[in-house]
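Pasting the sequence and the predicted coordinates here, then a few questions.
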Amino acid sequence: MGVNVQPKLIIHGGAGSSLQGKGGVETVRKSLYQVIREVYGLLEKGTTAEDAVIRGCQLLEDDPLFNAGVGSVLQSDGQIRMSAALMNGSLQRFSGVINVSRLKNPIELAKFLQTSPDRVLSDYGAAELLRELNIAPFDPLTDRRLYEWIEDRKQDFNRKMANVVAETSDDEAGRGTIGVVALDQNGRLAAGTSTGGKGFERIGRVSDSAMPAGNYATAQAGVSCTGIGEDIIDECLAAKIVIRVGDGLSLRSAFERSFVEANDHQRDLGAIGLDASGAIAWGKTSDVILAAFHNGQTMGDSLEMLPGTQVLVA
């Protein structure tokens with residue numbers, strides 16, 4: 001494995017409907033760039049890709065603007081159930097939790113499960129693990145998400161998904177998730193994804209975020225997805241892109257081919273990714289993807305991309 005690789009980092013805070021007005025863009029940009037600065041600083045100091053991804057996910061989970069951890073949306077019964085996954089690319093090892101409640105950072109359970117013989121746990125098993133680890137119970141509910149649920153209950157939960165960010169003024173549907181993909185100084189890749197779900201869903205519905213369809217990494221590439229979970233699962237998007245890179249396509253070509261297919265199938269989704277060469281890519285079929293990156297020299301973002309299917313690289 002090479003050493004002294006220039007670290008690279010890309011994160012996202014969801015994908016979906018257009019943000020309302022310049023103030024919305026700047027609010028999201030500020031939040032994303034704060035995470036980029038802290039996590040990229042860790043990578044420059046030699047932090048591993050896995051630890052950088054975990055920290056990035058924690059910071060995004062802690063931000064009530066995004067639908068993960070604090071600020072997660074409510075399901076149809078008014079409860080919050082979160083899912084998260086972590087994949088170490090160099091070890092090609094996946095771990096995750098599904099529909100876990102009463103904690104602040106689901107990614108921490110995925111971290112613990114990386115070294116467990118049982119690496120994916122669902123609700124009751126995850127709750128038992130919380131007790132074993134002595135993690136203090138935490139209520140991630142915010143007033144904005146409660147208000148959103150009350151308003152949609154009046155309409156019999158007829159929206160496709162909850163708002164991509166917590167904005168009471170935004171009536172359009174969104175697709176909320178957070179994700180981080182990192183390349184460290186030793187050339188190692190990792191990917192992490194966390195979500196509160198799509199909001200108002202049937203109890204027990206499972207998100208793509210805790211599946212290789214929504215979060216996947218190998219030694220060659222790593223991808224985190226966001227959007228309508230069922231669409232991501234049907235495309236097996238993260239694994240598809242990563243496997244195509246492993247089969248010899250460039251990251252750009254793997255994204256482009258996968259998003260052409262997703263567009264043809266009328267999917268509503270987005271993804272971010274890195275490869276071992278340091279290439280950075282992001283794509284969407286939705287109106288917007290809330291992504292930001294650090295390419296080793298400067299930061300950038302996707303917040304003012306035009307609506308519709310696009311793939312960009314940095």
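Yep, it's here. Residues are numbered from 1 along each chain as shown.

Would you mark the buried spots in stretch 96-115?
For stretch 96-115, burial by neighbour count (16 or more other CB atoms under 10 Å) applies to 96-114. Heads up, the C-betas are built off the backbone N, CA and C, glycines and all.

Can you get me the start-to-end distance on that stretch?
End-to-end distance of stretch 96-115: 11 Å, with CA to CA, to the nearest Å as the criterion.

before we move on, the earlier item: so which of the buried residues of stretch 96-115 belong to helices?
Judged by DSSP state H, the subset of these located in helices is 106-113.

wouldn't Val181 be in contact with Leu189 here?
Yes. Using CB atoms under 8 Å, Val181 is in contact with Leu189, at 7.2 Å.

Give me the below-cutoff pLDDT ranges for the stretch 1-150 of the chain.
Per-residue confidence for the stretch 1-150 of the chain (pLDDT under 70) gives these ranges: 1-2, 17-18, 20-23.

80 instead, please
Counting by pLDDT under 80, the ranges of the stretch 1-150 of the chain that qualify are 1-3, 17-23.

the strands in the chain, which residues?
Taking DSSP state E as the test, the strands found in the chain are 8-16, 82-88, 93-100, 120-121, 174-175, 178-183, 189-195, 215-217, 221-227, 269-275, 280-284, 288-294, 299-301, 310-313.

what's the first one packed up against?
Just to be clear, that refers to strand 8-16. Under the contact definition 3 or more CB pairs under 8 Å, 6 or more residues apart in numbering; DSSP states H and E, strand 8-16 sits against helix 21-44, helix 49-62, strand 174-175, strand 178-183, strand 221-227, strand 269-275, strand 280-284, strand 288-294.

That strand versus strand 288-294: what angle between them?
If you take axes from the mean of the first three to the mean of the last three CA atoms, to 10 degrees, strand 8-16 sits at 170 degrees to strand 288-294.

One more: the second one?
An angle of 40 degrees separates the directions of strand 82-88 and strand 288-294 when computed by the same axes, to 10 degrees.

for strand 82-88, the distance to its chain's centre please.
Offset of strand 82-88 from its chain centre (CA atoms, centre = their mean, to the nearest Å): 9 Å.

ok, now which ones touch the closest residue to Gly196 other than its chain neighbours?
Spatial nearest neighbour of Gly196, chain neighbours left out: Ser72 (2.5 Å); criterion: CB to CB, 6 or more residues apart in numbering. By CB atoms under 8 Å, 6 or more residues apart in numbering, the residues touching Ser72 are 80, 82, 140-141, 145, 195-197.

please redo it, this time with the cut-off set to 7 Å
Ser72 sits next to 80, 82, 140, 145, 196 when contact means CB atoms under 7 Å, 6 or more residues apart in numbering.

Can you add distance to Val311 and neighbour count and give these back as a markdown table?
Compiled in a markdown table, the contacts of Ser72 are given as follows (distance: CB to CB, whole Å; neighbours: other CB atoms under 10 Å):
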| residue | distance to Val311 | neighbour count |
| --- | --- | --- |
| Ile80 | 33 | 25 |
| Met82 | 29 | 31 |
| Pro140 | 33 | 22 |
| Arg145 | 31 | 24 |
| Gly196 | 27 | 29 |
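
Export the residues you listed to JSON lines and append columns for distance to Ile203.
Shown next, in JSON lines, are these (distance: CB to CB, whole Å):
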{"residue": "Ile80", "distance to Ile203": "12"}
{"residue": "Met82", "distance to Ile203": "14"}
{"residue": "Pro140", "distance to Ile203": "17"}
{"residue": "Arg145", "distance to Ile203": "17"}
{"residue": "Gly196", "distance to Ile203": "14"}
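
now, among those residues, which is nearest to Ala314?
Minimum distance to Ala314 across the contacts of Ser72 is 28.4 Å, recorded for Gly196 (CB to CB).

Next, work out how far apart the closest residue to Gly179 other than its chain neighbours and Pro117 are.
Spatial nearest neighbour of Gly179, excluding adjacent residues (CB to CB, 6+ apart): Ser224 at 2.9 Å. Distance from Ser224 to Pro117, counting by CB to CB, to the nearest Å: 25 Å.

what does Ile289 give?
Noted for Ile289: a distance of 36 Å to Pro117, by CB to CB.

ok, these two, which is more surrounded?
With neighbours defined as other CB atoms under 10 Å, Ile289 and Pro117 compare such that Ile289 has more, 28 against 5.

partner residues bridging that one?
Judged by DSSP bridges, the bridge partners of Ile289 are Ala15.

Identify the residues contacting it.
Shown in contact with Ile289 (CB under 7 Å, 6+ apart): 12, 15, 226, 270, 282, 302.

Tell me how many other residues surround the last one.
A total of 23 residues lie near Ser302 under the criterion other CB under 10 Å.

so how far is Ser95 from the residue nearest to it when sequence neighbours are not counted?
In space, and not counting its chain neighbours, Ser302 is closest to Ala291: 4.2 Å by CB to CB, 6+ apart. As judged by CB to CB, Ala291 and Ser95 stand 24 Å apart.
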